[in-house]
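> need a 3D model of the sequence below.
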Amino acid sequence: MAASSSDADPPKRYLALWKEYLTLCSFADAAGGARGRSTLHHLSLPPGLHTVGRLDRDSEGLLLLTDDGAFCHAVLQGGVRKRYL
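Take a look at the predicted model:
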């Protein structure tokens, strides 16, 4: 039996994003937005993406987002070699 396109898994998505200084590396502010802090939610990103790791609020840099759980796990658990500059 051949699988139809509706049965196939959708393609995985990967996004490289430059996180700006003072932006929280989450989609919600734990303070409930009461402090007016900027989050990833304010960037109107596609739904279903999750961060691969995190950056501190007072830092800026490249942030990876994906809906590929296996990729995320491999990066976070040491299956991918990382180089910090």
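> helix/strand/coil for Leu63?
In the three-state summary, Leu63 is assigned as strand, counting by DSSP: H, G, I helix; E, B strand; the rest coil.
> quick thing: my sequence starts at 25, can you match it?
Taking 25 as the first residue, the last one we looked at is Leu87.
> next, count neighbours for it.
By the criterion of other CB atoms under 10 Å, Leu87 has 18 neighbours. C-beta coordinates here come from the backbone N, C-alpha and C atoms, glycine included.
> test my guess that it contacts Leu79.
Yes. In terms of CB atoms under 8 Å, Leu87 counts as a neighbour of Leu79; the distance is 5.9 Å.
> what residues are shared contacts of these two?
When contacts are counted by CB atoms under 8 Å, 6 or more residues apart in numbering, Leu87 and Leu79 are jointly contacted by 43, 49.
> in the chain, which spans are helices?
Listed in chain order, the helices of the chain (DSSP state H) span residues 93-100.
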